[in-house]
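Asks: 3D model of this:
(chains A and B)
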Amino acid sequence: MTQHLDSKFGPYGGTYVPELLIPALDQLEQAFIDAQQDPVFQQEFMALLKDYAGRPTAMTLTRNLVSNPLVKLYLKREDLLHGGAHKTNQVLGQALLTKRMGKTEVIAETGAGQHGVATALACALLGLKARIYMGAKDVERQAPNVFRMRLMGAEVIPVDAGSGTLKDAVNEALRDWSANYDNAHYLLGTAAGPHPFPTIVREFHRMIGEETRQQIMEKEGRLPDAVVACVGGGSNAIGMFADFIDSPEVKLIGVEPAGKGLHTHEHGAAINCGSTGILHGTYSYIMQDSNGQIEESYSVSAGLDYPAVGPQHAYLHDTGRAQYAAVSDQEALNAFQLLARKEGIIPALESAHALAHALNMADEATEETLIVVNLSGRGDKDLAHVHSILGEQ
Amino acid sequence: MDRYASLFRHLQDNQQGAFVPFVMLGDPDKATCINIIDTLISNGADALELGIPYSDPVADGPTIQKAGIRALNQGITPSDCFDIIAEVRERHPDIPIGLLLYSNLVLARGVERFYKDAAAAGVDSILIADVPLREADSFLAVAEETGIAQILIAPPNASDATLAAIGQKSSGYTYLLGRAGVTGAETAATIPTDDLIKRLSSHNVAPPLLGFGIAKPEQVKAAIAAGAAGAISGSATVNLIEQHLDDTTAMLQALGDFVSAMKHATLKD
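Replies: Numbers count the residues shown, from 1 in each chain, chains lettered A, B, ... in the order given. A predicted model of the protein is given here:
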């Protein structure tokens, strides 16, 4: 088969997987291209997004959060989406593609459990059998999400290998897929992995940026000066960025997890502190030692705890189109509490990273500034974790 | 003539197929690994496949994953692996030695430097598990410059277009996958059909060695009867190391017996 979509973003991306998986990736790419041109598919996807998931999501102007009168800070409310995070968007798209390919099973990986929960709900809705790999440590840490997935009929498989976290769950999902690609689709959860996943995940999330553009034009009559989103693998950020890439007046700002500090080894800032290499099928910025062994990442937010970043972000960074900041655990925790107290919204710890950086921008602004933060998820899942941390402090 | 070509000619002249065991370099430690490799060779291994331990081996099942972890826990680096190979090469000048590893280890060292260091240590071929044909060109170019054979994988579901491309680019041998999935002795290989072997030879691919799920002499015999040039056995070999970690003498005895039996099965009637 000839490839129809670019598999690379500059030097980044590609298809670094065993030969065995190439036919399955080609089949997926073909199905995606066909679906994008098929009005019936698009109609079904749009209907699910609207009537099941609750799109378009609101865009909220913060009232009390920002003290600098020059700054208006808006929140794109992906936390209001069914499932509690942006993840539901692209999972619905890929679940429909699974059916289109005539496959009956879905394999997925999950870290905090948000992608697993989104996968489980889409599979319950569309009658697909889901098995979800989750690091054994994460299964323990995220018990409520494990229960949610099981309630919706998914099989949750703990992974003991390696560090027992997200990276190892991805490895195990890839192994499963290489034995079962005939009947199973690998529903990858972020804008990373081998081609065509980074492109598919971006396209199935790009309504985040499209809605933002329309909503800000309605409210302000102009485009924002900056859009800000957190970056682990980078799916919510690429969904927010995609529609603005060709509008150079809009700054694109990704926020990586600085964990306990960029000077420590305990962070997940692949772009800020990593180097180029290959992990999970794609060439991008990764965290590795001098021999090429992958290092463990760390973040207070499980959804950002991944030692690589999607290849398009690597390219946007190198070309200077997007900037990538980093925010520590402590700054994110502060923003988490501040949003709850000032606006009555409890954000996901992931999204709190983006918010923390936007608040720094707001403090420093010396001219009129319009900022939109992608509030990618809600914080219910983080309550026990944050409660235990704040209890200690 | 290169070592693979010499080997395959010699085997053909003597009515034999090749038996190629795989072990992880540095497993369970550097010194024992060298003893293991000597034992494999003295009991009839025709060539070697050697792994470099990697943190995220997505094409490997539990047995080889654990071997990699054992080696990494010993602090084994790619440089240590080249040291081991150089020592083996000094003692065994003629045996073909193949590396089987993952792309990020090659990139981290720099592709050219990696291939040069491998060649200097005495490596004949390199197979990168996560580099499919469509990403292989930059590696193939360096392989050619450094005199290393880049090994390509023919999956059981390969299209004619894939086999034709392998035919144009392959040297050394072709790694013929015995089945889908990851490495492991738990699921047996499917013996290739006459049709697949015919398609391989009509595209002039380098001699096919069947791997993935090869654990028993009967499978080796059947693979060769079906037209494969030989068989590779990784997890079954590594299992014997894992089973005897506390007794090196028993480990070497078990490995020796296993390799003799597998090699014996390569003799054509």
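Asks: just confirm A:Ala340 is within a helix.
Replies: Yes - per DSSP: H, G, I helix; E, B strand; the rest coil, A:Ala340 lies within a helix segment.
Asks: got the contact list for it?
Replies: Counting by C-beta atoms under 8 Å, 6 or more residues apart in numbering or on different chains, A:Ala340 touches A:346-347, A:379. (C-beta placed from N, C-alpha, C; glycine too.)
Asks: most neighbours out of the residues you listed, which is it?
Replies: Neighbour counts for those peak at A:Pro347, which has 27 neighbours (criterion: other C-beta atoms under 10 Å in any protein chain shown).
Asks: that residue bridge partners, please.
Replies: Beta bridges link A:Pro347 to A:Arg378, judged by DSSP bridges.
Asks: that one contacts A:Asn374, correct?
Replies: No - with contacts counted by C-beta atoms under 8 Å, A:Pro347 stays clear of A:Asn374, the gap being 10.5 Å.
Asks: next structured bit after the least confident helix or strand in chain A by mean pLDDT?
Replies: Among the helices and strands of chain A, helix A:136-141 carries the lowest confidence by mean pLDDT, DSSP states H and E, at a mean of 85. Counting by DSSP states H and E, the next helix or strand C-terminal to helix A:136-141 is helix A:143-151.
Asks: hmm, who's touching the helix or strand that comes right after that following helix?
Replies: Later in the chain than helix A:143-151, the nearest helix or strand by DSSP H and E is strand A:155-159. Surrounding strand A:155-159, the residues in contact under the criterion C-beta under 8 Å, 6+ apart are A:116, A:129-136, A:139, A:146, A:149-150, A:164, A:168-169, A:171-172.
Asks: find the centremost residue of the chain, please.
Replies: Let's take chain A. Residue closest to the mean C-alpha point of chain A, counted by C-alpha atoms, centre = their mean, is A:Ser235 at 3.2 Å.
Asks: sorry, I should have been clearer: chain B.
Replies: B:Glu49 (3.0 Å).
Asks: re earlier: restrict the contacts of strand A:155-159 to contacts with chain B.
Replies: Filtering these for proximity to chain B by C-beta under 8 Å from any C-beta of the partner chain leaves A:Asn171.
Asks: buried subset of the contacts of strand A:155-159 as a ChimeraX selection?
Replies: Per 16 or more other C-beta atoms under 10 Å in any protein chain shown, the buried members of the contacts of strand A:155-159 correspond to this ChimeraX selection:
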select /A:116,130,131,132,133,134,135,136,139,146,149,164,168,169,171,172
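Asks: who's in contact with residue 228?
Replies: I'll assume chain A. Taking C-beta under 8 Å, 6+ apart, one finds A:253, A:255, A:354-355, A:357-358, A:361, A:371-374 in contact with A:Val228.
Asks: that's the wrong chain, I meant chain B
Replies: B:17, B:176, B:192, B:197, B:208-210.
Asks: same thing with B:Ala189?
Replies: So B:Ala189 contacts B:178-179, B:210-214, B:219, B:223 (C-beta under 8 Å, 6+ apart).
Asks: per-residue pLDDT, the one residue in the stretch 101-250 of chain B that gets nearest to chain A?
Replies: When distances are taken as C-beta to the nearest C-beta, the stretch 101-250 of chain B reaches nearest to chain A at B:Ala108, 2.8 Å away. Note for B:Ala108: predicted pLDDT of 98.
Asks: I figured it hits A:Glu295, correct?
Replies: No - B:Ala108 lies out of contact with A:Glu295 (C-beta under 8 Å); the separation is 11.8 Å.
Asks: okay, these two: which has more neighbours?
Replies: Legend: neighbour count by other C-beta under 10 Å for B:Ala108 and A:Glu295, higher for B:Ala108 (20 against 16).
Asks: how about the more buried one: what's its closest non-neighbour residue?
Replies: A:Gly292 (2.8 Å; C-beta to C-beta, 6 or more residues apart in numbering or on different chains).
Asks: which of the helices or strands spans that neighbour?
Replies: Using DSSP H and E, no helix or strand contains A:Gly292.
Asks: in contact with it, which residues?
Replies: A:277, B:54, B:78, B:104-109.
Asks: for PyMOL, what selects the buried ones among those residues?
Replies: Only the buried entries of those go into this PyMOL selection, using 16+ other C-beta under 10 Å:
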select buried, (chain A and resi 277) or (chain B and resi 54+78+104+105+106+107+108+109)
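Asks: quick one: which of the contacts of A:Gly292 sit in helices?
Replies: Members of those lying in helices (criterion: DSSP state H): B:78, B:104-109.
Asks: interface residues of chain A facing chain B?
Replies: Residues of chain A lying near chain B (C-beta under 8 Å from any C-beta): A:14-23, A:161-162, A:167, A:171, A:174-175, A:178-181, A:276-281, A:286, A:288, A:290-294.
Asks: and which of the contacts of B:Ala228 is nearest to A:Ala302?
Replies: B:Leu176 (41.2 Å; C-beta to C-beta).
Asks: skipping its backbone neighbours, what lies nearest that closest one in space?
Replies: B:Pro208 (4.0 Å).
Asks: pLDDT weak spots in chain A?
Replies: A:1-3 (pLDDT under 70).
Asks: could you redo the last one with a cut-off of 80?
Replies: By pLDDT under 80, the low-scoring segments of chain A are A:1-3, A:141, A:161-164, A:392-393.
Asks: quick check: ChimeraX command selecting the buried ones in the contacts of B:Ala189.
Replies: Buried subset of these, written as a ChimeraX selection, criterion 16+ other C-beta under 10 Å:
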select /B:178,179,210,211,212,213,214,219,223
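Asks: in TSV: the contacts of B:Ala189, plus distance to chain A, secondary structure and pLDDT.
Replies: TSV is the format used below for those (distance: C-beta to the nearest C-beta, whole Å; DSSP: H, G, I helix; E, B strand; the rest coil; pLDDT from 0 to 100):
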residue	distance to chain A	secondary structure	pLDDT
B:Gly178	11	coil	88
B:Arg179	8	coil	89
B:Leu210	15	strand	95
B:Gly211	12	strand	94
B:Phe212	9	coil	92
B:Gly213	11	coil	93
B:Ile214	16	coil	95
B:Gln219	19	helix	96
B:Ala223	18	helix	94
